[in-house]
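K.L.:
Show me how the following folds:
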Amino acid sequence: MASWNDAVIEQFRANDGVLWGHWEGKTTLLLHTPGRKTGKVTVHPLVAAPHGDAYVICGTAGGAPEDPQWVANLEALDRPVTIELGSKTLEARHRVVRPDRDEDWAELYRIWREYWPDAADYETKTDRKFPVAVITP
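P.N.:
Numbering: from 1, shown residues only. Here you go, the predicted model:
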């Protein structure tokens, strides 16, 4: 997965955030998260559904049985996160929204699911409900 992400990140940075192929026409951001145990920063390319002045991203891991690590890393982070959006690197507020504790999860997940058509396929691969995060530059 790292080499695939590396290729997406390289394309993103070389083209001011514009991607082609499967992600063409969709807003994508690069999320920088420090590991909650290691502190090592990793970069994650994520489809970001616009929502007012914010973006909704989703922890699907392609339908894997467990949340991607960036979700727990965001939950542990008590300061703004760094994102790349287009050609800009920005600080952003973040809030992880989970189906078992947050009233607005269904609405935010719906926004992301309608924006990214692969969501329906991811849902068939697991029984878990995917957490979402609201990212506000």
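K.L.:
Please make it C-alpha for all contacts and neighbour counts, starting now.
P.N.:
Noted.
K.L.:
Helices of this protein, residue ranges please.
P.N.:
Secondary structure of the chain (DSSP state H): helices at 2-14, 69-76, 105-115, 119-123.
K.L.:
Which of those helices sits closest to Thr33?
P.N.:
Taking CA to CA, helix 69-76 is the member of the helices of the chain nearest to Thr33, at 6.4 Å.
K.L.:
mind saving the C-alpha coords of that closest one as PDB?
P.N.:
What follows is helix 69-76, C-alpha atoms only, in PDB (Å, rounded to 0.1, in the frame of the first residue of the first chain):
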ATOM      1  CA  GLN A  69      -4.100   4.100  11.900                       C
ATOM      2  CA  TRP A  70      -4.600   7.700  10.900                       C
ATOM      3  CA  VAL A  71      -8.000   7.700  12.600                       C
ATOM      4  CA  ALA A  72      -6.600   6.800  16.100                       C
ATOM      5  CA  ASN A  73      -3.700   9.100  15.500                       C
ATOM      6  CA  LEU A  74      -6.100  12.000  14.800                       C
ATOM      7  CA  GLU A  75      -8.200  11.100  17.900                       C
ATOM      8  CA  ALA A  76      -5.000  11.300  20.000                       C
END
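K.L.:
Does that helix pack against any helices or strands, and if so which?
P.N.:
Using 3 or more CA pairs under 8 Å, 6 or more residues apart in numbering; DSSP states H and E, the elements in contact with helix 69-76 are strand 28-34, strand 88-97.
K.L.:
ok, residues contacting it?
P.N.:
Counting by CA atoms under 8 Å, 6 or more residues apart in numbering, the neighbours of helix 69-76 from elsewhere in the structure are Thr33, Pro34, Gly35, Arg36, His44, Gly59, Val81, His94, Arg95, Val96, Pro131, Ala133.
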